[in-house]
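*Asks:* Just to be clear, the model below is a prediction. Sequence and coordinates:
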Amino acid sequence: MQLQLALDLVDIPEAKKVVKEVEAYIDIVEIGTPVVINEGLRAVKEIKEAFPHLQVLADLKIMDAGGYEVMKASEAGADIITVLGASDNSTIQGAVVEARKQNRKIMVDMINVKNLEERAQEIDELGVDYICVHSGYDHQAAGKNSFEELNSIKRVVKKAKTAIAGGIKLSTLPEVIQASPDLVIVGGGITGLDDKAAGAAEMRKLIRQG
Ligand SMILES: O=C([C@H](O)CO)[C@H](O)[C@H](O)COP(=O)(O)O
């Protein structure tokens, strides 16, 4: 099980500072959608250059023009790029074809997908690398999490790796670990801590213990 740090509410200098603090405990650093909106793909480029040993995920949440947008994120140095599960199959297929050409990976974000199991099964056949259940900020504010959804996709996804994101904290991590996703994504649960390194280290320890 791997740990991904999601950076959403920072600029590039702050992003570098946070990654420096926790780099020993994480596998993947996510340049979150708000950061890409504010800073562009330059944020992906700068983080990849500063931390070449970490995988960098560009959370573009692609909804159309899959091939083209994956190409641009790949040029910036992204190792993994996100596409929305709600998008058309042709978009996901275009993203996968381009990712294979560029030796990159595609994560499909199932945020707000209603027929979750059926759609996850369909997407699993498209050759994506990760399928991620996700409660976004707006759903989190209404008290929602994706722990049940993780169990649902674990039942039907046979090829892709599974991931979970949305409001995961040290206190809720054990429940997530029990469902054994391949990847746990944590943003505010680390970045909101005064001692980010200690929090990330504890998460890494729990994940290792399984
Ligand atoms: O993808 C995210 C969200 O939609 C904002 O872009 C976050 O990176 C993801 O939810 C993880 O962050 P936390 O919920 O703060 O753990």
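*Replies:* Thanks, I have it.
*Asks:* For the protein, what lies in contact range of the ligand?
*Replies:* Proximity of the chain to the ligand (Cβ under 6 Å from any ligand atom) is limited to residues 6, 8, 30, 32-34, 59, 136-137, 165-168, 185-189. Bear in mind the C-beta positions are built from the backbone N, C-alpha and C, glycine included.
*Asks:* Mind checking which of those residues are in strands?
*Replies:* Where the residues of the chain next to the ligand overlap with strands, as defined by DSSP state E, the overlap consists of Ala6, Glu30, Asp59, Ala165, Ile185, Val186.
*Asks:* And those residues, which is closest to the ligand?
*Replies:* The ligand has its nearest neighbour among these in Ala6, at 3.4 Å by Cβ to the nearest ligand atom.
*Asks:* Report the central residue of this protein.
*Replies:* By Cα atoms, centre = their mean, the mean C-alpha position of the chain lies nearest to Ile185, the distance being 5.8 Å.
*Asks:* Give the buried residues for stretch 135-154.
*Replies:* Using 16 or more other Cβ atoms under 10 Å as the test for burial, stretch 135-154 gives Ser135, Gly136, His139, Asn145, Ser146, Phe147, Glu149, Leu150, Ile153, Lys154.
*Asks:* Then stretch 8-28?
*Replies:* For stretch 8-28, burial by neighbour count (16+ other Cβ under 10 Å) applies to 8, 10, 12, 15-16, 18-19, 21-23, 25-26, 28.
*Asks:* Would you map the strands across the chain?
*Replies:* When secondary structure is read from DSSP E, the chain shows strands at 2-7, 28-31, 55-62, 80-84, 105-109, 130-134, 161-165, 183-186.
*Asks:* Could you check how far Ile37 is from Met110?
*Replies:* According to Cβ to Cβ, to the nearest Å, Ile37 stands 21 Å off from Met110.
*Asks:* what does Gln140 give?
*Replies:* Spatial separation of Gln140 from Met110 under the definition Cβ to Cβ is 15 Å.
*Asks:* And Ala201, by the same measure?
*Replies:* If you go by Cβ to Cβ, the gap between Ala201 and Met110 works out to 29 Å.
*Asks:* do Gln209 as well
*Replies:* For Gln209, the distance to Met110 equals 27 Å [Cβ to Cβ].
*Asks:* pLDDT wise, what is the residue lying closest to Val70 once chain neighbours are set aside at?
*Replies:* When the adjacent residues along the chain are set aside, Val70 lies closest to Glu98, with 4.1 Å between them (Cβ to Cβ, 6 or more residues apart in numbering). On pLDDT, Glu98 comes in at 98.
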